[in-house]
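Enquirer: Sequence and predicted model, in that order:
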Amino acid sequence: MSVLKGKKKLNIVKDWREQPKSIEKFQFVHHFLPHPEEKRRATLLSNRAIIVYCVAMLLIAGIFRFLPKIVPGVLGYASDIAVKDLLTYTNVKRKEAGLSELRLNSALTSAAHQKADDMFKDQYWAHISPEGTEPWDFILGQNYDYIYAGENLAKNFNNSKDVVEAWMKSPSHKENLLSPNYDEIGFAVVNGVMEGYETTLVVQMFGRPRNAAQVASVYEEQTVLEKESAATAAVSERKPEVEGVPGTAEEPVYTPASPEKPAIDVTMATKTVSAIFGGFVGTLLALDVWYSKRKGIHKFTGHTAAHLGILVLVVASIWFVLTPGIVL
Amino acid sequence: MKEKSDVHLVEYAVLATLAVIISLLFYYFRYNHGVLIFLSGVSSFAYILWGVIHHALEGRLTKFIAAEYTVFGVLIFFLLYTVLNF
């Protein structure tokens, strides 16, 4: 038996000497499969290879950070946020908490629009502008005389529900959303370029008028909603004509929100990058488990199944749990 | 032999419990990117620590294995950070 084995081994060596390509093939295969003789993982799963993947991901993240500075508006956050949905979700949350529904007010809506436009114009993301303008200045600027007022901000979200859910998860924003001190509300959902990224800003302004008789009527609320949807539709239709109009280049790029997509959706791009690297390493780990079991290879390494399990969990979290968006 | 497999079971149960707790925390804080980045760091560190302790208890901890868990921990962090950074 041992003689035969020896002969077989000699034949293999002879074959390899005659066919150098088979050695190349053997070496290439072990970029993806574990080495039975050296008792180690595939070359592409070596510690050095993993470090290379980490550096590559850092470089890609760096490009996503740097690109908007060179080509503003190419990267962005796709969104489909509507004032009507924001109002509905807000009032559902208030109803669940046993509070009265808020009425959409035209003055608060105008104040919210002014705030969003000001943030795009001066490129800031804060409750108080760099010039010191406070949210109350925008509200008072619309001749809205209030006893109580408040402001919630959000940016980079995909949809209306996530915006309201994110506010509800933050104690200070939830306090505004579920405050019994407010009777009225105003929203602005505005698209524009912020720090080089195409994004959607959401401004939510709350108030209680000094004169209780001034609370918006159902008719006023309906008028504001119709105006908002008309403005969104008009922007969607008008946009191709607006582009290239002389004199617009120096002005800040911002428009009322319409469900548009940027050239590259940064959320999808980063998720895809993570899924590609995670999926590639995960596939190699799965191959390692299968091939090692099949060939009876016992390697002097960590637990491949543990690495694989954690990696699957991480990639699943990236796709199904992580959502874009920041509230302030 | 049976005792060794029991110890293995306990160690894997610890890893599974950690994974479930961190997944639940991830879901709960899904809108707070600052907390999520912190949780990603904690998860990576916890995984490295688990790997090192597990192999040390098995009596087969080497510098190479410790380095392997470290690079996998770092990879997990970067996979999450690439998405959370935006």
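Expert: Received it, and whenever you're ready, just let me know what you need.
Enquirer: can you pull the contacts of residue 73?
Expert: You didn't say which chain, so I picked chain A. For residue A:73, the contacting residues are A:193, A:196, A:197, A:198, A:253, A:262, A:263, by C-beta atoms under 8 Å, 6 or more residues apart in numbering or on different chains. In short, each C-beta sits where N, CA and C put it, glycine included.
Enquirer: not what I meant, chain B
Expert: Residue B:73 neighbours (C-beta under 8 Å, 6+ apart): B:44, B:45, B:47, B:48, B:51.
Enquirer: about what we covered before: give the PyMOL command for selecting the buried subset of the contacts of residue A:73.
Expert: Command for PyMOL that selects the buried part of the contacts of residue A:73, burial taken from 16 or more other C-beta atoms under 10 Å in any protein chain shown:
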select buried, chain A and resi 193+196+197+198+262
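Enquirer: Show me which positions of the longest helix along chain A end up buried.
Expert: Using DSSP state H, we find that the single longest helix of chain A is helix A:266-295. For helix A:266-295, burial by neighbour count (16+ other C-beta under 10 Å) applies to A:266-267, A:269-271, A:273-275, A:277-278, A:281-282, A:284-285, A:287-288, A:291-292.
Enquirer: List phi and psi for residue A:103.
Expert: phi -100, psi 140 (degrees, to the nearest 10).
Enquirer: Quick one: neighbours of it, just the number.
Expert: 19 (other C-beta atoms under 10 Å in any protein chain shown).
Enquirer: so which of the contacts of residue B:73 are also by chain A?
Expert: Contacts with chain A within the contacts of residue B:73, counted by C-beta under 8 Å from any C-beta of the partner chain: B:47, B:51.
Enquirer: Is it possible to mark the buried ones in the contacts of residue B:73?
Expert: If we count by 16+ other C-beta under 10 Å, the contacts of residue B:73 have these buried: B:44, B:47, B:48, B:51.
Enquirer: Inside helices: which ones of those residues?
Expert: Per DSSP H, the buried ones among the contacts of residue B:73 map to helices at B:44, B:47, B:48, B:51.
Enquirer: Taking those residues together, which two end up most distant?
Expert: B:44 and B:51 (11.0 Å; C-beta to C-beta).
Enquirer: burial of the closest residue to chain A within chain B, as a residue count?
Expert: Here the residue of chain B nearest chain A is residue B:31; by C-beta to the nearest C-beta that distance is 3.7 Å. For residue B:31, the count of nearby residues is 23 (other C-beta under 10 Å).
Enquirer: Same check on the one 5 residues further on?
Expert: When neighbours are counted by other C-beta under 10 Å, residue B:36 registers 21.
Enquirer: Confirm for me that it is in contact with residue B:83.
Expert: No. If you go by C-beta atoms under 8 Å, residue B:36 and residue B:83 don't touch, sitting 9.2 Å apart.
Enquirer: SS state for residue A:188?
Expert: What DSSP: H, G, I helix; E, B strand; the rest coil gives for residue A:188 is strand.
Enquirer: no wait, residue A:199
Expert: strand.
Enquirer: For it, give the beta-bridge partners.
Expert: Here residue A:199 shows beta-bridge partners residue A:192, assigned using DSSP bridges.
Enquirer: Name all residues that make contact with it.
Expert: A:76, A:77, A:79, A:155, A:156, A:191, A:192, A:193.
Enquirer: distance of it from chain B?
Expert: 11 Å (C-beta to the nearest C-beta, to the nearest Å).
Enquirer: quick one: which helix or strand includes residue 67?
Expert: Because you didn't say which chain, this covers chain A. Per DSSP states H and E, residue A:67 falls inside helix A:47-70.
Enquirer: um, chain B though
Expert: Counting by DSSP H and E, residue B:67 is part of helix B:63-84.
Enquirer: Noted, bye for now.
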